[in-house]
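*Asks:* Give me coordinates for this.
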Amino acid sequence: MIASMMFALAMGATDNASNYDTQCPGPLRGEHRLLRSEESVDLCELSHNKVTLVVNTASQCGFTGQFEGLEELYQTYKEQGFQVVGFPSDSFNQEYGNEEQTADVCYINYGVTFPMMATSKVRGGEANPVFAELIEKTGESPRWNFYKYLVGRDGDVLGVYSSTTRPDDQSMRRDIERAL
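*Replies:* This next block holds a predicted model:
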């Protein structure tokens, strides 16, 4: 990100807003480390021109079974420009302290293939930048694990869904289909 901003400045960009910000409107930007990895992904590139469902997850929660439905949702719509991005979090004290265990739950127990970021906070002053902006834009902080935010191709937040909203919820699916 810094290199692209410096390149823009070197090329004569004088506007305070970087090209990066105009290319990545909304909360899905910045580098984020992948779960159980040293590799980072650029959320702007990952979500470019896609409808994205952002979910805070936990491996030891009563809603952990939603991973199965989230994966099914991802597989159903990914060819149409849909992305799911998971953010494991211990903000509700239901995530392992070890990313290896978290990854095992996601990848082995539930077969998750959508991107899972490294464990981070999703509430309060320590919330990761994505959730901080989602909260700012919607006025809704995750009340529990598996809170879902639907972000449109243009970066606008199109919907917020509680933990009890399952991935097969018809209302949420209609919102996704409309956005696609």
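
*Asks:* what residue ranges in the chain are flagged as low confidence?
*Replies:* 1-22 (pLDDT under 70).

*Asks:* Give me the longest helix you can find in it.
*Replies:* Using DSSP state H, we find that the single longest helix of the chain is helix 66-77.

*Asks:* ok, and what's touching that helix?
*Replies:* Under the criterion Cβ atoms under 8 Å, 6 or more residues apart in numbering, residues 51, 53, 55, 57, 82-84, 86, 105-106, 109-114, 146, 166-168, 173, 176-177, 180 lie in contact with helix 66-77. C-betas here are computed from N, CA, C, even on glycine.

*Asks:* let's see it at 10 Å
*Replies:* Helix 66-77 has contacts (Cβ atoms under 10 Å, 6 or more residues apart in numbering) with 50-51, 53, 55, 57, 59, 82-86, 105-107, 109-116, 145-146, 148, 163-169, 172-173, 176-177, 179-180.

*Asks:* Filter these down to the buried ones.
*Replies:* Buried members of the contacts of helix 66-77, scored by 16 or more other Cβ atoms under 10 Å, are 50-51, 53, 55, 57, 59, 82-86, 105-106, 110, 112, 114-116, 145-146, 148, 163, 165-167, 172, 176, 179.

*Asks:* With just CA atoms, put stretch 34-53 into CSV.
*Replies:* C-alpha atoms of stretch 34-53 as CSV (Å, rounded to 0.1, in the frame of the first residue of the first chain):
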residue,chain,number,x,y,z
LEU,A,34,-4.0,-14.8,6.5
LEU,A,35,-4.8,-17.3,9.3
ARG,A,36,-1.9,-19.5,10.2
SER,A,37,0.3,-17.9,7.7
GLU,A,38,3.0,-15.3,7.2
GLU,A,39,1.3,-14.3,3.9
SER,A,40,-0.8,-11.2,3.7
VAL,A,41,-3.6,-10.3,1.3
ASP,A,42,-4.7,-7.0,0.0
LEU,A,43,-8.4,-6.8,0.8
CYS,A,44,-8.9,-4.3,-2.0
GLU,A,45,-7.6,-6.8,-4.5
LEU,A,46,-9.4,-9.7,-2.9
SER,A,47,-12.8,-7.9,-2.9
HIS,A,48,-12.4,-5.9,-6.1
ASN,A,49,-15.7,-5.8,-8.1
LYS,A,50,-17.2,-8.4,-5.7
VAL,A,51,-20.0,-8.5,-3.3
THR,A,52,-18.4,-9.5,0.0
LEU,A,53,-19.8,-11.0,3.2
